[in-house]
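>>> quick one, fold the following:
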Amino acid sequence: MLKNNLFLFLKGLAMGAVNKIPGVSGGTVAFVTGIYEDLLNSIKMINLKSLKLLFTHGFKAFYKEINGKFLTTVFAGVITSFFSVSLVLDRLIQNYEIYVFGLFFGMIVGSFYVIYYQLERITLKSFVGISIGITIGLIISFADNFEVADSNLIIFFSGMIAISGMILPGLSGSYLLLLMGNYTLIMVDSVNALYFTLIELFSFDSSFIYDTERLYLLKVLILFTIGSVSGLIFLSNILSSLLKNFKTITISIIVGFIGGSLFGLWPWKKENTYGEVSLFLPDFSSTETWITVFYIFIGILAVVLLERFANKH
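So this is what the prediction gives:
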């Protein structure tokens, strides 16, 4: 039993880690490791019926009804990995930004390829879905980033959006956050703020309450978490229903969305003093360019191999 729980915890670690990486879905990892159906079914059990059971028969009955031991073990791994991976990503983005985003770009190209081939054939319905997705993706790619710092509502909905990658294989929540322009704020800065705050609390240091930036990041994380929990409960039913009843159009829109969004994630970009970002073609005489191309290739290969492994099993 202990061994099974350990492996379940490790699967949660893997899900949490890749869910922070744009282009890879935590749901894909759940599918690869054989816990996807249990995960989706357990989450769907958190409904009015189980909540009624909580108030009439107590927590023990509720915990058993929703397969609580399974969910607790998996999400303990997910939460643990969020802290560790966040610290690593923070350092990598600071010191090797172009390489990190080259890897992200490659993963997204790989995801586009993988999801595209889930469409058995191109029909009028799938063509319309791809067109809709491309249009949305292009609009987001060339639009200004959302000002999440001034909108609590957007941060809340960011949580709902990000958690979708945990329950829908092929859709990366972090990828959507990156497009919205709040990936670093939510997935790196706010998580790191909580990590350092917990360390200070255990050291009986409460000086962070005078740090306005720290308090703001903690507020962002709280709103994001509330949105994630809400999305996890409500979207699990919606997404599973869409995938079950409208699989072709759902996958088509995702394919188009990813394809249309690639322009906004081009690794070679520069920002002027006014914060305007412009894209440029890489200089192939530069060693940095070839290293970035290598990371793009690694990103594509990683996603494609992961999906093929999932299909084989």
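
>>> quick check, pLDDT for the nearest residue to Y63 once chain neighbours are set aside.
Nearest residue to Y63 in three dimensions, chain neighbours excluded: K69, at 7.5 Å (C-beta to C-beta, 6 or more residues apart in numbering). The C-beta positions use only the backbone N, C-alpha and C, and glycine is treated the same way. Note on K69: pLDDT of 90.

>>> K69: neighbouring residues, count only.
Residues near K69, counting by other C-beta atoms under 10 Å, number 14.

>>> which SSE is it in?
Element membership for K69 (DSSP states H and E) is helix 68-95.

>>> what bits of the stretch 151-300 of the chain have low per-residue confidence?
Along the stretch 151-300 of the chain, segments meeting pLDDT under 70 span 165, 168-171, 179, 239-240, 243, 261, 264, 271, 273-277.

>>> do a quick rundown of the helices in it.
Assigned by DSSP state H, counting those that start in this stretch, the stretch 151-300 of the chain shows helices spanning 152-167, 173-180, 183, 191-202, 212-245, 247-261, 287-312.

>>> distance between the longest one and the chain's centre?
Read it as helix 212-245. 11 Å (C-alpha atoms, centre = their mean, to the nearest Å).

>>> state the distance from the closest residue to V74 other than its chain neighbours to N5.
Spatially, and ignoring its direct neighbours in sequence, V74 is nearest to G12 (4.1 Å; C-beta to C-beta, 6+ apart). Distance of G12 to N5, computed by C-beta to C-beta, to the nearest Å: 10 Å.

>>> which of those two has more residues huddled nearby?
Taking neighbours as other C-beta under 10 Å, G12 and N5 compare with G12 leading, 27 against 14.

>>> hey, C-alpha coordinates of the helix or strand containing the more buried one in CSV?
Element membership of G12 [criterion: DSSP H and E] is helix 2-19. These are the backbone C-alpha positions of helix 2-19, laid out as CSV (Å, rounded to 0.1, in the frame of the first residue of the first chain):
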residue,chain,number,x,y,z
LEU,A,2,2.8,2.4,0.9
LYS,A,3,4.6,1.6,-2.4
ASN,A,4,1.4,2.3,-4.4
ASN,A,5,0.9,5.7,-2.6
LEU,A,6,4.6,6.5,-3.3
PHE,A,7,4.2,5.9,-7.0
LEU,A,8,0.9,7.9,-7.0
PHE,A,9,2.7,10.8,-5.3
LEU,A,10,5.5,10.6,-7.9
LYS,A,11,2.9,10.7,-10.7
GLY,A,12,1.5,13.8,-9.1
LEU,A,13,5.0,15.3,-9.0
ALA,A,14,5.3,14.8,-12.7
MET,A,15,1.9,16.2,-13.4
GLY,A,16,2.6,19.4,-11.4
ALA,A,17,6.0,19.8,-13.0
VAL,A,18,4.9,19.6,-16.6
ASN,A,19,1.7,21.6,-16.0
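
>>> count the residues that sit near Y210.
So Y210, with other C-beta under 10 Å, has 8 neighbours.

>>> correction: N152
By the measure other C-beta under 10 Å, the count of residues near N152 is 14.

>>> would you confirm that it contacts I222?
No: between N152 and I222 there is no contact under C-beta atoms under 8 Å: 9.9 Å.

>>> what's the burial count for T292?
For T292, using other C-beta under 10 Å, the count is 23.

>>> find the nearest non-adjacent residue to it, please.
The shortest distance from T292 to any non-neighbouring residue, by C-beta to C-beta, 6+ apart, is to G102 (3.9 Å).

>>> confirm that that neighbour sits in a helix.
Yes: counting by DSSP: H, G, I helix; E, B strand; the rest coil, G102 is located in a helix.

>>> use 49 as the first number from now on
That works, and once the first residue is 49, the last one we named lands at G150.

>>> just to revisit the earlier point, could the helices of the stretch 199-348 of the chain go into CSV alongside distance to K318?
As requested, the helices of the stretch 199-348 of the chain are arranged in CSV below (distance: least, C-beta to C-beta, whole Å):
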stretch, distance to K318
helix 200-215, 26
helix 221-228, 18
helix 231, 19
helix 239-250, 26
helix 260-293, 26
helix 295-309, 20
helix 335-360, 14
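
>>> I141 is nearest to which of those helices?
helix 231 (9.6 Å; C-beta to C-beta).
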